[in-house]
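Participant: need a 3D model of the sequence below.
(2 chains)
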Amino acid sequence: MNFKDLKLIAPILRALENQNYTEPTPIQAQAIPPVLAGRDVVGCAQTGTGKTAAFAIPILQKLNETSVPKQLQHIRALILTPTRELALQIHESFEAYGTYLKLRCCVIFGGVSQKPQEEKLKRGVDILVATPGRLNDLISQGIINLKEIEIFVLDEADRMLDMGFIHDVKRVIAQTPRKKQNLLFSATMPPEITDIVQALLVDPVKVAVTPVSSTVDKIEQSVYFVDKANKRELLKYLLKDPSITSALVFTRTKHGADRVVRDLTRANFKAAAIHGDKSQGARQTALSNFKDGTIRVLVATDIAARGIDIDELSHVINFDLPNIPETYVHRIGRTGRAGLSGTAISFCDIEEKPYLMSIIKLIKRDIPAVTDHPYPMMVFEIPPKEARPPRPARTSKLPTQAEKNSPRKQDGLRNSKQGKNRAASTALPAEPRAPKPRSHKPSGKRPAPKTGSANSPITKNAYFRKG
DNA sequence: AAAAAAC
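Facilitator: Just a heads-up that it's a prediction; the model follows:
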């Protein structure tokens, strides 16, 4: 199968050749003909499957077939997508495949000045790529009119369901004509999406899914059990390996991402963060520096979990595990693209074990654990339920017995003199960073204060603290 | 609970 077999016009084929694209991906082969034929299409596919080209190429070709007189100029195609970076990326694709066509493409999103976007729109635009917020803003200012669009694309529809989004999306759809060609792409098909498909699309062609598992199969995955407090050390330890040419590190929170970047920078690793609290300029700089290799590590929240295309990304590192198992699949799908190999490493602390379990269940395969690393997780020996002493009642502010015994209360495991003395007296004559197989008896949470036995006060109190 | 998205 070749793009030539898809009845594409010469200028598009030439543009594809420039990009060194000759063979359509499965989703392109399946979606391009029905889109060209004017059918509604629902595609269940993740990014990385070539989804953007699957709609961008036929949209360009269709719009190119008919021309609109200057006086009747209007927006003809709208692509709605959940993040600004994704909007930029889709816009780039349209520009690339449409190099030899006269169609004009424009991208709009928030966080940057409205003026240039406004001016570009006034000069006339055929294809508009947008995030929902700025689009609604410009519609209500009367700068954008969607009444005559011919093709509407809802990208990453399941993500659009997230809090607040679906409302914005419905407002946009309400501004579009009823009679138009609709394309909807979604990585998953929950009932809410099926409802939207029913309401919006007419007799849609369903494009078969590339099963999530087959994408996952190409990525070498592993998990490191590690205590929360040692995650940053473990990350720096792993990054010493030069075979990690580029790493996308995911954290659970925006602050967490900043903390990791600070720590890496102090240790002379070239790193930057990307998340929703960063200015748009900083976001774009971070991403382009990462893409061109100026920085080796990009630390991100789930803003980058989906869609972001980074060529030759060697490693995805889940510094924190996502609590929604599907997010794991999206995250690791940033690597192992375009036929290249990919590696996904996940850190799992004691609180994240349930998340790991649901991920394993979702991907229907085990994730091997790496045990010979310098920061193995402290193994808790949880006594059987009936053997557990009752939890101390907390009726007064006075410290309970458990708290009095708790090493954490006394030294915070960090910086008090008491803590250091204790460490000095009870620490094993340790090689604290030496690899320790997990099958051994419980080892210390940190290299310093550790005890030998599972029944030691530290272990017990650690258990009590967990409740 | 956190994340993204408009000023």
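
Participant: nearest residue to the closest residue to DNA strand B within the stretch 1-150 of chain A other than its sequence neighbours?
Facilitator: Sorted by distance to DNA strand B under Cβ to the nearest atom of the strand, the residues of the stretch 1-150 of chain A start with A:Gly133, at 1.9 Å. C-betas here are computed from N, CA, C, even on glycine. For A:Gly133, ignoring the flanking residues on the chain, the nearest one in space by Cβ to Cβ, 6 or more residues apart in numbering is A:Gly110 at 5.0 Å.

Participant: surely that neighbour touches A:Pro132?
Facilitator: No - the criterion here is Cβ atoms under 8 Å, and A:Gly110 misses it with A:Pro132 at 9.5 Å.

Participant: can you pick out the residue with more neighbours from these two?
Facilitator: Applying other Cβ atoms under 10 Å to A:Gly110 and A:Pro132 shows that A:Pro132 carries more neighbours, namely 22 against 14.

Participant: need the contact list for the more buried one.
Facilitator: A:80, A:82, A:160, A:165, A:168-169, A:171-172 (Cβ atoms under 8 Å, 6 or more residues apart in numbering).

Participant: are any of these buried, and which?
Facilitator: By neighbour count, with 16 or more other Cβ atoms under 10 Å, the contacts of A:Pro132 hold A:80, A:82, A:160, A:165, A:168-169, A:172 as buried.

Participant: now for those, which pair is the farthest apart?
Facilitator: For these, with distances taken as Cβ to Cβ, the pair at the greatest spread is A:Pro82 and A:Val172 (12.4 Å).

Participant: picking up where we left off before, just checking, which of the buried ones among the contacts of A:Pro132 belong to helices?
Facilitator: Under the assignment DSSP state H, the buried ones among the contacts of A:Pro132 contribute A:160, A:165, A:168-169, A:172 to helices.

Participant: of those, list those near DNA strand B.
Facilitator: Among those, proximity to DNA strand B is found for A:165, A:168 (Cβ under 7 Å from any atom of the strand).

Participant: out of the ones in helices among the buried ones among the contacts of A:Pro132, which comes closest to DNA strand B?
Facilitator: Using Cβ to the nearest atom of the strand, A:Phe165 is the member of those that lies nearest DNA strand B, at 5.4 Å.

Participant: before we move on, back to that, same list (the buried ones among the contacts of A:Pro132) but as CSV, adding pLDDT.
Facilitator: Formatted as CSV, those follow (pLDDT from 0 to 100):
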residue, pLDDT
A:Leu80, 95
A:Pro82, 91
A:Met160, 83
A:Phe165, 82
A:Asp168, 90
A:Val169, 91
A:Val172, 94
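
Participant: out of these, who's nearest A:Arg104?
Facilitator: A:Leu80 (18.3 Å).

Participant: OK, contacts around that closest one?
Facilitator: Listed by Cβ under 8 Å, 6+ apart, the contact partners of A:Leu80 are A:130-132, A:135, A:152-155, A:160, A:169, A:172.

Participant: with A:Val153 instead?
Facilitator: A:55, A:59, A:77-80, A:182-185.

Participant: now those in a markdown table, with distance to DNA strand B?
Facilitator: Output for the contacts of A:Val153, formatted as a markdown table (distance: Cβ to the nearest atom of the strand, whole Å):
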| residue | distance to DNA strand B |
| --- | --- |
| A:Phe55 | 20 |
| A:Ile59 | 21 |
| A:Ala77 | 18 |
| A:Leu78 | 14 |
| A:Ile79 | 14 |
| A:Leu80 | 10 |
| A:Asn182 | 21 |
| A:Leu183 | 20 |
| A:Leu184 | 19 |
| A:Phe185 | 17 |
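
Participant: mind checking which of the residues you listed are in helices?
Facilitator: Using DSSP H, the contacts of A:Val153 in helices are A:55, A:59.

Participant: around A:Gly293, how many other residues sit close by?
Facilitator: Neighbours of A:Gly293 (other Cβ under 10 Å): 11.

Participant: what residues of stretch A:271-289 count as buried?
Facilitator: Result for stretch A:271-289 [16+ other Cβ under 10 Å]: buried residues A:271-275, A:278, A:283-287, A:289.

Participant: narrow those to those in strands?
Facilitator: A:271-274 (DSSP state E).

Participant: centre of the chain to stretch A:1-11, how far?
Facilitator: 33 Å (Cα atoms, centre = their mean, to the nearest Å).

Participant: A:Gly133 and A:Glu92: what is the separation?
Facilitator: Separation of A:Gly133 from A:Glu92 (Cβ to Cβ, to the nearest Å) stands at 21 Å.

Participant: show me what contacts the residue of the stretch 201-350 of chain A found nearest DNA strand B?
Facilitator: Relative to DNA strand B, the nearest point of the stretch 201-350 of chain A is A:Gly276 (2.3 Å; Cβ to the nearest atom of the strand). For A:Gly276, the contacting residues are A:254, A:301, A:303, by Cβ under 8 Å, 6+ apart.

Participant: just the buried members of these?
Facilitator: For the contacts of A:Gly276, buried by 16+ other Cβ under 10 Å: A:254, A:301, A:303.

Participant: tell me who's in contact with the last one.
Facilitator: The contact partners of A:Ile303, taken as Cβ under 8 Å, 6+ apart, are A:83, A:85, A:274-276.

Participant: Serialize the residues you listed to TSV and add fields for pLDDT and distance to A:Arg337.
Facilitator: Shown next, in TSV, are those (pLDDT from 0 to 100; distance: Cβ to Cβ, whole Å):
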residue	pLDDT	distance to A:Arg337
A:Thr83	89	18
A:Glu85	90	16
A:Ile274	94	18
A:His275	94	22
A:Gly276	91	24
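
Participant: A:Arg134 is in contact with A:Ser113, isn't it?
Facilitator: No - taking contacts as Cβ under 8 Å, A:Arg134 lies outside contact range of A:Ser113: 10.9 Å.
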